[in-house]
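A.B. asks: My questions are about this predicted structure, shown below with the sequence.
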Amino acid sequence: MTETAVIERVTLSHGAGGPAMTELVRQVFLSAYGDCGETGDDSAILDVDSGRIAFTTDSFIVDPLFFPGGDIGRLSVAGTVNDLLTAAARPVAVAASFIIEEGFQIEPVKTIASSMHETAREAGVRIMTGDTKVVPAGAADKVFITTTGVGVVLRDGVSGSNVSPGDRVIVTGSVGDHGAAVLLARENLLDAPQARSDVAPLTEIVLSLIESDCEIHAMRDPTRGGLAAALNEIARQSGVAIEIDETSVPVTPEVRAVCEALGLDVLQVANEGKMLVFVAHRHWEQALSVVRASRYGTNAQVIGEATSGPAGRVTLRTVIGTSRLLRPPVGELLPRIC
Amino acid sequence: MRYSDEFRDREATLAIARRIASLATGPATIMEVCGTHTMSAARFGLRALMPEGVRLVSGPGCPVCVTAQPDIDSFLSIGDEPDTVLVSFGDMLRVPGSSDSLEGKRAGGAQVRVVYSPLDAVEIAQQTPEKRVVFFAVGFETTIPATAMAVLSAKRSGARNFSVFCAHKTMPRALRALLESGEVRVSGLLCPGHVSTIIGSAAYEFIPDEFGVPCAVAGFEPVDMMAGVESILRQLREGAARVDNAYSRAVPREPNARAMEIIYQVFSPCDAVWRGLGVIPKSGLSLRETYADFDAAILFAQAIARVPEARPSACRCGDVLRGVLAPEECALFGRTCAPENPVGPCMVSSEGACAAAYRYGGA
């Protein structure tokens, strides 16, 4: 029977809802996700504590699918988990939908699925439901993944609108790693410096911050648009000004070299395993040491503070001591010509 | 990072700033010729370190910005021809033509690819032999050798489906045109570091000799740029005019012979239209007859001939490029013209004066 043979490539019949699809789900997803509580029903049922639920969704279309430091599977779980964490929620479950291009090999799909499982286990969530569609060759680029997550809100009032003047800004580690790694992998650009993506679920950092009783006002994962975009969003939402000290922003030598060579502003380059934490002034030292004690937070730094300056304004004190605006980026990152 | 950290040092920068303050005796307008200088000055907030009366103005050194509207419209029109792939540097993607941009063309179904090197465009041509791959060659002496190499490589490897739409320009003649017009009273020129690695600092010697304007070749880190400004102010103070090389770790006096040879093996000088500056004799390059098979201006002459004349626009990028208008003085700046909906190229390019002023503002 063809349905039970080992699948090598995804065909349109694998998305048609028949036995071929059941076989794809069995061979790829169920075997990768393991303990996902699969019942064969169309909906998964979650047991959650009473209270408030955080709920988020995101789509992932990274090219290439595999890059130094991660892959689209790890990205799709970590991205949604980190979005739940910004609401001070404990992530509980993730749903994953795949859109696969006809003719794509099955091996990378299996690798992606097991990477998702591994990341979910690390993040403390289960992948509990999903969907697979196959589109004709050319109608999608290899694999697109959409993940949706739910979490239980552990602490109320943590929001991008709750930053007050005096709050300190902590970044949980070096910035620009993901964007630099993907750009290098995509364009096969430079031989010398190897940047690695930071893609990671930040459950440990955020849950320990919440347990620590530090007064956290806001958290944001600075993904697309990097630090510049996230800081501008928060300044606008909270109606505060934010001042950042360029010299205290951690950047690895590899990422710096890439950004200098390509003419990119590292503050606009994407991160996938970092959190910006806005903490009440009196708790900043405690919060910093909690973050630094976590696996992905050892290089955390205080990089600036919120002030009562003009609402929405983000300024950067440069390495030579002058001051300038830090604007959000526009459009794609475009390397310079010369 | 070596060769960058020591030239980004706070104390070293401030020490030069103090010397600059003591050298400045009156008003001085210093033109930073290169777009990367403009961006660097904005990124590091260098204008705040200038003494009163000493003004940094942007010049014609942003390659995307000086590309004339008809050239952009012509290149875009090639994308309407069957089986074409338009290839460009990323900087050009969002620059508006008369009715569209490369980004708009791409959204409308045209094949548009972004590369970091012209040689990548040849590779695209080799991988898609059924397509006609056209590279939009813009830029100064820094990028011209790479385009020349791409043409040579295409010829050698028989990639007959590769061609170049050449809008390359050479820098010294533009500076001459700018100074001859007398429109901007420039006290000194901060000459472009990257371009100078190819053409050598001697290429600017006509400027002090014929126009009496002091020059300094400068790199792009704060210490480099400040050292260039210091050298110009020192010359003004002494009543001297010469070409100082404040970027000697990268720039020699003589041109890079190998690079110049390859440029003129493939190209010959031609008159070129610059945005804002008009026609400057012998300031452009066209492919030599030997390489006519790779010249998109010839291959797509019919499509280009159908391009309607560029419409006049309220955009004042031309004035910005000549240094007669500061970006903030343009009526469109930050209102109808911003990086997300640019009216002119200076708001798009990462080297554009308007983009620099908008992105980094005055804090």
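C.D. replies: Now that the structure is in, tell me what you want to look at. Because the structure is predicted, anything quoted here is derived from the model rather than measured.
A.B. asks: What segments of the stretch 1-150 of chain A are helices?
C.D. replies: A:19-24, A:31-33, A:72-86, A:106-123 (DSSP state H, counting those that start in this stretch).
A.B. asks: elements contacting the last one?
C.D. replies: The reference is to helix A:106-123. With contacts taken as 3 or more Cβ pairs under 8 Å, 6 or more residues apart in numbering or on different chains; DSSP states H and E, helix A:106-123 sits against helix A:31-33, strand A:70-71, helix A:72-86, strand A:89-101, strand A:126-135, strand A:143-153. Just so you know, the C-beta spots here come from the backbone N, C-alpha and C atoms, and that holds for glycine as well.
A.B. asks: Which residue comes closest to residue B:97 once chain neighbours are left out?
C.D. replies: Using Cβ to Cβ, 6 or more residues apart in numbering or on different chains and skipping residues adjacent in sequence, the residue nearest residue B:97 is residue B:72, 4.3 Å away.
A.B. asks: Pull out the buried positions in the helix or strand hosting the one you found.
C.D. replies: Here residue B:72 sits within helix B:69-78, counting by DSSP states H and E. For helix B:69-78, the buried set under the neighbour-count rule, 16 or more other Cβ atoms under 10 Å in any protein chain shown, comprises B:69, B:70, B:71, B:72, B:73, B:74, B:75, B:76, B:77, B:78.
A.B. asks: Ok, stretch B:24-33 next?
C.D. replies: Counting neighbours by 16+ other Cβ under 10 Å, one finds that the buried residues in stretch B:24-33 are B:24, B:28, B:30, B:31, B:32, B:33.
A.B. asks: does the fourth one really touch residue B:322, like I thought?
C.D. replies: Spelled out, that is residue B:31. No: using Cβ atoms under 8 Å, residue B:31 and residue B:322 do not qualify as a contacting pair, with a distance of 9.6 Å.
A.B. asks: what touches both of these two?
C.D. replies: Here residue B:31 and residue B:322 share the contacting residues B:59, B:184, scored by Cβ atoms under 8 Å, 6 or more residues apart in numbering or on different chains.
A.B. asks: Just the closest residue of the stretch 101-250 of chain B to chain A, please.
C.D. replies: Ranking the residues of the stretch 101-250 of chain B by distance to chain A (Cβ to the nearest Cβ) places residue B:142 first, at 3.8 Å.
A.B. asks: pretty sure that residue contacts residue B:196?
C.D. replies: No: the pair residue B:142 and residue B:196 fails to qualify as a contact (Cβ under 8 Å) at a distance of 9.2 Å.
A.B. asks: Give me the more crowded residue out of the two.
C.D. replies: Each of residue B:142 and residue B:196 had its neighbours counted (other Cβ atoms under 10 Å in any protein chain shown), and the higher figure belongs to residue B:196 (30 against 22).
A.B. asks: how about the more buried one, what does it touch?
C.D. replies: Contact partners of residue B:196, counting by Cβ under 8 Å, 6+ apart, are B:203, B:204, B:217, B:247, B:250, B:251.
A.B. asks: can you pick the most crowded of the residues you listed?
C.D. replies: Greatest neighbour count in the contacts of residue B:196, by other Cβ under 10 Å, goes to residue B:217: 29 neighbours.
A.B. asks: Any idea what it is bridged to?
C.D. replies: Note on residue B:217: beta-bridge partners by DSSP bridges are residue B:191, residue B:245.
A.B. asks: wait, doesn't it sit right on residue B:193?
C.D. replies: Yes: at 6.3 Å, residue B:217 and residue B:193 qualify as touching, with contact defined as Cβ under 8 Å.
A.B. asks: which residues are common contacts for the two?
C.D. replies: When Cβ under 8 Å, 6+ apart defines a contact, the residues bordering residue B:217 and residue B:193 alike are B:247, B:251.
A.B. asks: Can you report how many residues neighbour residue B:279?
C.D. replies: If you count neighbours by other Cβ under 10 Å, residue B:279 ends up with 12.
A.B. asks: ditto for the one 4 residues further on
C.D. replies: The number of residues packed around residue B:283, counting by other Cβ under 10 Å, is 24.
A.B. asks: Repeat that for residue B:14.
C.D. replies: By other Cβ under 10 Å, the residues close to residue B:14 number 15.
A.B. asks: Can you name every helix or strand that the helix holding residue B:72 contacts?
C.D. replies: strand B:84-89, strand B:132-137, strand B:162-166, helix B:296-299, helix B:301-305.
A.B. asks: repeat that for 6 Å
C.D. replies: Using 3 or more Cβ pairs under 6 Å, 6 or more residues apart in numbering or on different chains; DSSP states H and E as the contact criterion, the elements in contact with helix B:69-78 are helix B:301-305.
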